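Visitor: got a predicted model here, sequence first, then my questions.
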Amino acid sequence: MKKKRRLQKSDVFWLTAVALLILLQFWWVPGDPGSPDDTYSNSIEGKRGFFQTLEDLAAADLFPPVRRESLQLIPKNPCTLVILSPDRYPNEYEQSDLADFVQNGGTLLFAPNWASPDCSIPRLSIQTESCDFDDNISVASPVAPAQPAASPEGGSEAVDSDSAELMAEAPEAPAVQTSATVPDDRDESDRSANEILEEVFKQNPESLPQPNPNPQVSELADTNDLRNVGKFLTSSQLVKGSVPWQTRATMDTGSAEPVVLVEALHENVQAAAWPFGNGLVVVSASADVFSNRAMLDDAQAELAVRLVEYAHAHHAVQIGSAATPVVICEFLNASDAYRGTAVLMSPTLRSGTLQLITIAILAGWFGFHRFGPAKRINTSQRRSLTESAMAVGNLHFRTSSGGEAVHCYIEYMKTQLQKMFGSSLRLDDTKVIALRAGLEPDEVEKRIVNAFRLDGASAATASQAASAIRDLSELLDLMTGNRKKT
């Protein structure tokens, strides 16, 4: 009966490692981060539509230059730095760099990550925390008009017409309505901005998600838990009319004296700005207003643009020029979140890295254990010198080749004499050998002659050969100084 083959414990280990690596090709253990929400993504929570809107406004000379920055966190020159829903929050050293950037005259517009809104940057008084909201939609109270940021000397300077318009007092919020619309009685600059927004949506319909038939229900339900999402209509001094707002967090400005830009019920601040050194910090508790989904709503799209424009107006007050650029920071997003060797496990290179590890595991398995049927290994144990001599003696006894054994020992003795005394001493010099061995010359001659007589003789018996080898061995021991009897 054929014996069943069983896997060894080592084979089970190798097989488990290979199966695990193959499984990780389809399901990554730390979890799928989901669709990226940076300015390159056209997903629902992506910011590509927002960036293209700013680009088109800049092309129409209605907005300052806009560019991305993914190689460094802090730009070299003062600008309006926009950080929206970063995949990772800045560490201690990066927070210190951000504080120095704003203190030296830069402007920071920050919105926390939608999935994990808990963020703390103490140096800039930025504190956002997740919060539970009611599901029913409400209308927030109108906020007080914003004041321009104070100059380092304590006074306020005149701004251009576009910046002054951002500071205009907003009318009272209307009653609850199903969709927030922008009134038509706007000045020429407002209508031009809205026309630009419509052109963006018409020219790039494939880059944005389809509109939601029910705007009060978030489309983020595919990727995020909506149980802790607040949905309501609010108003802001930056735009006219009510604006749909969706958030998962609240703000705590701490000791800062903020200018509230967006506020929900119960004095729940959702967007605010406050000066820090020579710069300005603008924080939005929700990044949803900058998403591709929000860009499909005119009121939300305008509010997102106005938030950036309000932050950028600080440069017109402080340095008297609005030509500084708006920089969208991608340094903290997924494309740059993997550093050093961790880039091998980034979403782009992870599959190839796992395949290389799988090949290495298979190569190790191949070298560790032979594939196919078990290979028999015949290894003989080492024998002692006595056992070897007995085996050779038995072989000579059975083959009656004692003369050959005597011949081999004579040759061995000649070699040893030559090593000890050189070529001057030969085996037939019995007198010299007797003198060195301390024996009688007749005794030495008798032993040597008997050995030469049995050298190669086929009729030599085992006892004769053993006696001759013993005699020669005693002579050799005596000549080497070994006086003990062998």
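Guide: Happy to help now that I have it. Numbers count the residues shown, from 1 in each chain.

Visitor: all contacts plus neighbour counts: C-alpha atoms, from now on.
Guide: Noted.

Visitor: okay, now Lys258: neighbour count?
Guide: Quick fix: residue 258 is Pro, not Lys. When neighbours are counted by other CA atoms under 10 Å, Pro258 registers 18.

Visitor: in stretch 259-270, what's buried?
Guide: Val259, Val260, Leu261, Val262, Glu263, Ala264, Val269, Gln270 (16 or more other CA atoms under 10 Å).

Visitor: average pLDDT across it?
Guide: For stretch 259-270, mean pLDDT rounds to 82.

Visitor: which stretches of the stretch 1-150 of the chain have low pLDDT?
Guide: For the stretch 1-150 of the chain, applying pLDDT under 70 flags the ranges 1-7, 29-36, 133-150.

Visitor: quick check: Asn104 vs Leu280, distance?
Guide: The spacing between Asn104 and Leu280, counted by CA to CA, to the nearest Å, is 10 Å.

Visitor: low-confidence ranges, the stretch 301-450 of the chain, go.
Guide: In the stretch 301-450 of the chain, residues with pLDDT under 70: 319-322, 334-342, 369-375, 379-383.

Visitor: distance from stretch 469-486 to the middle of the chain?
Guide: Relative to its chain's centre, stretch 469-486 lies at 77 Å (CA atoms, centre = their mean, to the nearest Å).

Visitor: neighbour-wise, which of Asn104 and Leu280 wins?
Guide: Just comparing Asn104 and Leu280: by other CA under 10 Å the higher neighbour count belongs to Leu280, 27 against 16.

Visitor: tell me the contacts of the residue found closest to the more buried one once you drop the neighbours it is linked to in the chain?
Guide: In space, and not counting its chain neighbours, Leu280 is closest to Thr107: 4.8 Å by CA to CA, 6 or more residues apart in numbering. Counting by CA atoms under 8 Å, 6 or more residues apart in numbering, Thr107 touches Pro78, Cys79, Thr80, Leu81, Gly279, Leu280, Val281, Val282, Ala311, His312, His314, His315.

Visitor: state the distance from the third one to Pro90.
Guide: From Thr80 across to Pro90, the span is 17 Å (CA to CA).

Visitor: which one's more surrounded, those two?
Guide: Thr80 (30 against 18).

Visitor: where does Thr234 sit: helix, strand or coil?
Guide: strand (DSSP: H, G, I helix; E, B strand; the rest coil).

Visitor: which residue ranges form the helices in the stretch 1-150 of the chain?
Guide: 9-24, 48-59, 92-103 (DSSP state H, counting those that start in this stretch).

Visitor: highest average neighbour count across those helices?
Guide: helix 48-59 (a mean of 21; mean count of other CA atoms under 10 Å).

Visitor: export that helix as PDB, just CAs?
Guide: Only the C-alpha atoms of helix 48-59 are listed here, as PDB (Å, rounded to 0.1, in the frame of the first residue of the first chain):
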ATOM      1  CA  ARG A  48     -10.400  68.800  -9.200                       C
ATOM      2  CA  GLY A  49     -13.500  70.900 -10.100                       C
ATOM      3  CA  PHE A  50     -12.500  73.500  -7.500                       C
ATOM      4  CA  PHE A  51      -9.000  73.800  -8.800                       C
ATOM      5  CA  GLN A  52     -10.200  74.000 -12.400                       C
ATOM      6  CA  THR A  53     -12.700  76.700 -11.400                       C
ATOM      7  CA  LEU A  54      -9.900  78.800  -9.800                       C
ATOM      8  CA  GLU A  55      -7.700  78.300 -12.900                       C
ATOM      9  CA  ASP A  56     -10.500  79.500 -15.300                       C
ATOM     10  CA  LEU A  57     -11.200  82.500 -13.000                       C
ATOM     11  CA  ALA A  58      -7.400  83.300 -13.100                       C
ATOM     12  CA  ALA A  59      -7.400  82.900 -16.900                       C
END
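
Visitor: just to revisit the earlier point, beta partners for the residue nearest to Leu280?
Guide: Beta-bridge pairing for Thr107 (DSSP bridges): Thr80, Leu280.
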